[in-house]
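S.K.: Sequence and predicted structure below; questions after.
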Amino acid sequence: MSADRWTSDTLLTEQGVKTYSAQVRELFRRYADDFETLAREVRADLVADPIDGDNAITARWHAWQVSGALRDMAKHARAVVAAGKALEGDYRRVCVELPEKRAAKAAAKELQKAGRPLPAGAVTNDVAAAAARRAMLPAQPGDHDDEQTAPARPVTPWGDLFKEAR
């Protein structure tokens with residue numbers, strides 16, 4: 001990192017993202033606290049010393065309006081804090097976990113192509129794992145994988161489902 005700014009080279013490492021995210025979150029957390037404090041102070045001052053011609057109700061209304069921009073700034077600063085936390089999760093999911101998952105999936109695919117049984121946990125999808133285990137087992141009596149031995153089931157045409165029963 002250069003002395004005055006972050007670059008993508010220094011940011012796009014796991015430690016870099018954590019450090020940058022922590023710095024941004026701390027900075028904007030302080031900004032949000034300052035904006036909220038200032039909004040409360042401005043509102044209290046305008047209610048205590050209303051603008052000429054304001055009664056108590058309009059003084060509160062005007063104080064609420066003036067402090068509204070500061071409350072919005074605090075809300076947006078809190079959103080930046082949340083986005084800073086999301087940056088860490090997104091980086092981990094995309095740049096760390098996704099390549100690991102792809103490598104595991106490619107290794108499982110290579111093993112399957114080679115005709116070797118898959119190691120336990122190689123396929124993350126339970127349905128795919130069950131299908132892979134079943135493909136490795138010899139056919140058992142009672143299996144109906146081909147159409148010649150499968151029991152005949154009546155098939156109702158789709159359109160007949162909505163016809164009136166007589």
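M.R.: Received it, and whenever you're ready, just let me know what you need.

S.K.: contacts and neighbour counts: CA atoms only from here.
M.R.: OK.

S.K.: By mean pLDDT, flag the weakest helix or strand of the chain.
M.R.: Lowest on mean pLDDT, DSSP states H and E among the helices and strands of the chain sits helix 126-136, with a mean of 63.

S.K.: Report all helices and strands that the helix or strand where Phe28 lies contacts.
M.R.: Under the criterion of DSSP states H and E, Phe28 resides in helix 14-48. Here helix 14-48 touches helix 8-11, helix 56-91, going by 3 or more Cα pairs under 8 Å, 6 or more residues apart in numbering; DSSP states H and E.

S.K.: make it 6 Å
M.R.: Counting by 3 or more Cα pairs under 6 Å, 6 or more residues apart in numbering; DSSP states H and E, the packing neighbours recorded for helix 14-48 are helix 56-91.

S.K.: pLDDT on the helix it packs on, on average?
M.R.: Helix 56-91 shows a mean pLDDT of 93.

S.K.: Now the helix or strand just after it - C-alpha only, CSV.
M.R.: Per DSSP H and E, helix 56-91 leads on to helix 98-113 as the next helix or strand towards the C-terminus. Listed next in CSV are the C-alpha coordinates belonging to helix 98-113 (Å, rounded to 0.1, in the frame of the first residue of the first chain):
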residue,chain,number,x,y,z
LEU,A,98,-15.1,-20.5,-5.4
PRO,A,99,-11.7,-21.5,-6.8
GLU,A,100,-11.5,-24.2,-4.1
LYS,A,101,-15.0,-25.5,-5.0
ARG,A,102,-14.1,-25.5,-8.7
ALA,A,103,-10.9,-27.4,-8.1
ALA,A,104,-12.7,-30.0,-6.0
LYS,A,105,-15.4,-30.4,-8.7
ALA,A,106,-12.8,-30.7,-11.5
ALA,A,107,-10.9,-33.3,-9.5
ALA,A,108,-14.1,-35.3,-8.9
LYS,A,109,-14.9,-35.1,-12.6
GLU,A,110,-11.5,-36.4,-13.5
LEU,A,111,-11.9,-39.3,-11.1
GLN,A,112,-15.3,-40.0,-12.6
LYS,A,113,-13.9,-39.9,-16.1
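
S.K.: List the buried residues for helix 98-113?
M.R.: By 16 or more other Cα atoms under 10 Å, the buried positions in helix 98-113 come out as 104, 108.

S.K.: What are the buried residues along the helix holding Phe28?
M.R.: 16-18, 20-21, 24-25, 28-32, 35-36, 38-40, 42-44, 46-47.
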